[in-house]
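K.L.:
here you go, sequence then predicted model.
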Number of protein chains: 2
Amino acid sequence: MTSFDEIGGTARGGTLYGIGVGPGDISYLTLRAAALVRDVDVIAFFAKRGLQGNARGIVDPLIAPHRHELRLEYPVTNEIPPEDPSYQEQISRFYEESVETLSALLRQGKSVGLLAEGDPFFYGSFMHIWRRLEAIFPLEVVPGVTGMSGCWTRANAPITWGNDILSVLPGTLGEEQLIRRLTETDAAVIMKVGKNLAKVRRAVTAAGMLARAIYVQRGTMQGEQIMPLSESPDAGGPYFSMVLIPGQGRRL
Amino acid sequence: MTSFDEIGGTARGGTLYGIGVGPGDISYLTLRAAALVRDVDVIAFFAKRGLQGNARGIVDPLIAPHRHELRLEYPVTNEIPPEDPSYQEQISRFYEESVETLSALLRQGKSVGLLAEGDPFFYGSFMHIWRRLEAIFPLEVVPGVTGMSGCWTRANAPITWGNDILSVLPGTLGEEQLIRRLTETDAAVIMKVGKNLAKVRRAVTAAGMLARAIYVQRGTMQGEQIMPLSESPDAGGPYFSMVLIPGQGRRL
């Protein structure tokens, strides 16, 4: 019988790893992700100013003292709306600088693991690094359990049955758009709910789906909250909040 | 520093575990899934007649000889179309019988792990067992990396950027429906492509998305094949085949 360590494998010098760390609960890290977190020369992660960094927090129990860590701190987060050209300019410059720092480490022959919440290729900040470096350095992406999988698991709500169509919608869509999209789908996950919660709830109600809609806040993380959307707080939720509308496809 | 074993935890007697085993590569099992596969009293899995069972195959290196295994064999697979009432009747009866067998083991106080490819709550057969037993026995679902995450990872294709809308569509949809759904989305994953490949390719072409569409067959499994959809085989693919249409949302 093969051990977890053998299955997880090791890291190679000069390689950049995009490590999906899953939705929050550390036991949902993959064997490959866990092995790399333990093995890479440098643990890199994004963080908002003044905060630990969510992905870094998830893997904390796997990180021994005195590891080489690289904190990449966003210059802006919520102060400027993402549509603002100044936001885009500052964030682009931040990614460019991050890429320079990472490149220097990779050229020194170090293995670098860049942590990504959920799955790195599903709405991941990691992708902005990936597109700048994938032609230049050896790179491995480790898929992860997505935040939405973590949420529907904890909500005890299978999301798609039989031939259900699933729509993943950003809560930033306009209300009319949301209503139309919801009306045309069997199942839905609405991401980035946060400040859009009141609008999202109106749209779900207008689409006739309120009775089966579930609100999940910080799914699988500390402070997880799950409730019918109809009972969700009026004030809006944190960034890690989501609305699930399970499909009603064929039961066998 | 915590060990993988400690993080993965153990199984409790009399509990049914729905264990997501991920897309195919065993290193994409979660720590929780791997620990349960090793620890449960009974490993249960679905299989088609004459085959090993795909989920069972994935975890093979973790299963010591002489474990108690329960093979649940589908009475029908492709011989009858799923829309046929006789198919539905036979499959329903099969799930009922499976539930009886599982219940007997759980009543004896055994911990039972029912393997599920990908994520158990995302188009999983496990859900048909879950809905019959979740009110009766203690039950834990372990989310997994989905087949689609495995596919876009291996295709080196980030699937959603910025505020992209993602549509997950079954390849069984009619051609006109597929075209309309594709035209209205930013990114798409078309599942259950198999015998529907020619129709799916026509629809993707009609929607003007052929240039960025990727065909993945047996993603992360042995025999994995990845190619532009435009070069995919005319004859159609196996059950584990998928078409990916990456989004083109905001690059920063």
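P.N.:
Happy to help now that I have it.
K.L.:
buried residues in the longest helix along chain A?
P.N.:
Longest helix in chain A, counting residues (DSSP state H): helix A:85-107. Residues of helix A:85-107 classed as buried by neighbour count (16 or more other Cβ atoms under 10 Å in any protein chain shown): A:87, A:90-91, A:94-95, A:98-99, A:102-103, A:105-106. Glycine gets a C-beta too; all of them are placed from N, C-alpha and C.
K.L.:
show residues contacting that helix.
P.N.:
Residues outside helix A:85-107 that contact it (Cβ atoms under 8 Å, 6 or more residues apart in numbering or on different chains): A:14-16, A:41-42, A:44, A:70, A:72, A:74-76, A:80-82, A:112, A:114, A:128-129, A:132-133, A:136-137, B:250, B:252.
K.L.:
give me that answer again for 6 Å
P.N.:
A:14, A:16, A:42, A:72, A:75-76, A:80, A:112, A:128, A:132, A:137, B:252 (Cβ atoms under 6 Å, 6 or more residues apart in numbering or on different chains).
K.L.:
before we move on, what about stretch A:21-33?
P.N.:
A:4, A:7-8, A:19, A:55, A:58-59, A:61, A:115, A:118, A:142, A:144-145, A:147, A:150, A:219-221, B:7, B:27-32, B:34.
K.L.:
still on that earlier bit, what average pLDDT does the longest helix of chain A get?
P.N.:
In this model, helix A:85-107 has an average pLDDT of 95.
K.L.:
rewinding a little: with distance to A:Ala198 added, can I get the buried residues of helix A:85-107 in CSV?
P.N.:
Listed next are these as CSV, based on distance: Cβ to Cβ, whole Å:
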residue, distance to A:Ala198
A:Tyr87, 23
A:Gln90, 29
A:Ile91, 27
A:Phe94, 31
A:Tyr95, 32
A:Ser98, 35
A:Val99, 38
A:Leu102, 39
A:Ser103, 44
A:Leu105, 44
A:Leu106, 45
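K.L.:
let me know the closest of the residues you listed to chain B.
P.N.:
A:Ile91 (4.9 Å; Cβ to the nearest Cβ).
K.L.:
picking up where we left off before, CA atoms only: put the longest helix of chain A into CSV for me.
P.N.:
The C-alpha coordinates for helix A:85-107 follow below in CSV (Å, rounded to 0.1, in the frame of the first residue of the first chain):
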residue,chain,number,x,y,z
PRO,A,85,-8.9,52.4,-14.4
SER,A,86,-6.7,53.4,-11.5
TYR,A,87,-7.5,50.1,-9.7
GLN,A,88,-6.6,48.2,-12.8
GLU,A,89,-3.4,50.1,-13.3
GLN,A,90,-2.3,49.6,-9.7
ILE,A,91,-3.2,45.9,-9.7
SER,A,92,-1.4,45.3,-13.0
ARG,A,93,1.7,47.0,-11.7
PHE,A,94,1.5,44.8,-8.5
TYR,A,95,1.3,41.7,-10.6
GLU,A,96,4.3,42.8,-12.7
GLU,A,97,6.3,43.4,-9.5
SER,A,98,5.2,40.1,-8.0
VAL,A,99,6.4,38.3,-11.2
GLU,A,100,9.8,40.0,-11.0
THR,A,101,10.2,38.8,-7.4
LEU,A,102,9.0,35.3,-8.2
SER,A,103,11.3,35.1,-11.3
ALA,A,104,14.3,36.0,-9.3
LEU,A,105,13.7,33.1,-6.9
LEU,A,106,13.0,30.7,-9.8
ARG,A,107,16.2,31.8,-11.6
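K.L.:
and the next helix or strand past that helix?
P.N.:
strand A:112-116 (DSSP states H and E).
K.L.:
so is that next one next to chain B?
P.N.:
No. Using Cβ under 6 Å from any Cβ of the partner chain, we find that strand A:112-116 stays clear of chain B, coming within 10.8 Å at best.
K.L.:
then that strand to CSV, C-alphas only?
P.N.:
What follows is strand A:112-116, C-alpha atoms only, in CSV (Å, rounded to 0.1, in the frame of the first residue of the first chain):
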residue,chain,number,x,y,z
VAL,A,112,8.2,28.2,-5.4
GLY,A,113,4.6,27.4,-4.4
LEU,A,114,2.1,30.1,-4.9
LEU,A,115,-1.0,29.4,-2.9
ALA,A,116,-4.5,29.8,-4.4
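K.L.:
C-terminal to it, what's the next element?
P.N.:
By DSSP H and E, the next helix or strand past strand A:112-116 is helix A:126-133.
K.L.:
run the angle between that next one and helix A:85-107 for me.
P.N.:
60 degrees (axes from the mean of the first three to the mean of the last three Cα atoms, to 10 degrees).
K.L.:
what mean pLDDT does helix A:126-133 get?
P.N.:
The model assigns helix A:126-133 a mean pLDDT of 98.
K.L.:
identify the residues contacting that helix?
P.N.:
By Cβ under 6 Å, 6+ apart, helix A:126-133 touches A:16, A:18, A:95, A:99, A:114, A:116, A:120, B:158, B:252.
K.L.:
surely the second one is in a strand?
P.N.:
So that's A:Gly18. Yes. When classified by DSSP: H, G, I helix; E, B strand; the rest coil, A:Gly18 is found to be part of a strand.
K.L.:
and the strands in chain A?
P.N.:
A:16-20, A:42-47, A:68-73, A:112-116, A:139-142, A:166-170, A:187-191, A:214-217, A:225-228, A:241-245 (DSSP state E).
K.L.:
need the residues that contact the fourth one.
P.N.:
With Cβ under 6 Å, 6+ apart as the contact definition, strand A:112-116 has outside contacts at A:16-21, A:36, A:40, A:42-45, A:55, A:102, A:105, A:124, A:126.
K.L.:
listing partners with orientation, what would you give for it?
P.N.:
strand A:16-20 (parallel), strand A:42-47 (parallel) (DSSP bridges).
K.L.:
can you check the third one too?
P.N.:
In the sheet containing strand A:68-73, the strands it pairs with under DSSP bridges are strand A:42-47 (parallel).
K.L.:
show me which of the contacts of stretch A:21-33 are buried.
P.N.:
Using 16+ other Cβ under 10 Å, the buried ones in these are A:4, A:7-8, A:19, A:55, A:58-59, A:115, A:118, A:142, A:144-145, A:147, A:150, A:219-221, B:7, B:27-32, B:34.
K.L.:
can you tell me which of those are in helices?
P.N.:
A:4, A:7-8, A:55, A:58, A:147, A:150, B:7, B:31-32, B:34.
K.L.:
pLDDT check: weakest of these?
P.N.:
A:Phe4 (93).
K.L.:
isn't it up against B:Glu6?
P.N.:
No. Using Cβ atoms under 6 Å, A:Phe4 makes no contact with B:Glu6, being 11.2 Å away.
K.L.:
could you check how far stretch A:156-166 is from the centre of its chain?
P.N.:
From the chain centre to the centre of stretch A:156-166 is a distance of 21 Å (Cα atoms, centre = their mean, to the nearest Å).
K.L.:
do you know the pLDDT at the residue lying closest to A:Ser111 once chain neighbours are set aside?
P.N.:
The shortest distance from A:Ser111 to any non-neighbouring residue, by Cβ to Cβ, 6 or more residues apart in numbering or on different chains, is to A:Ala11 (3.9 Å). On pLDDT, A:Ala11 comes in at 97.
K.L.:
and for A:Ala11, the neighbour number?
P.N.:
When neighbours are counted by other Cβ atoms under 10 Å in any protein chain shown, A:Ala11 registers 21.
K.L.:
let me see the domain layout of chain A.
P.N.:
Domain assignment for chain A by automatic domain parsing gives A:4-145, A:148-245.
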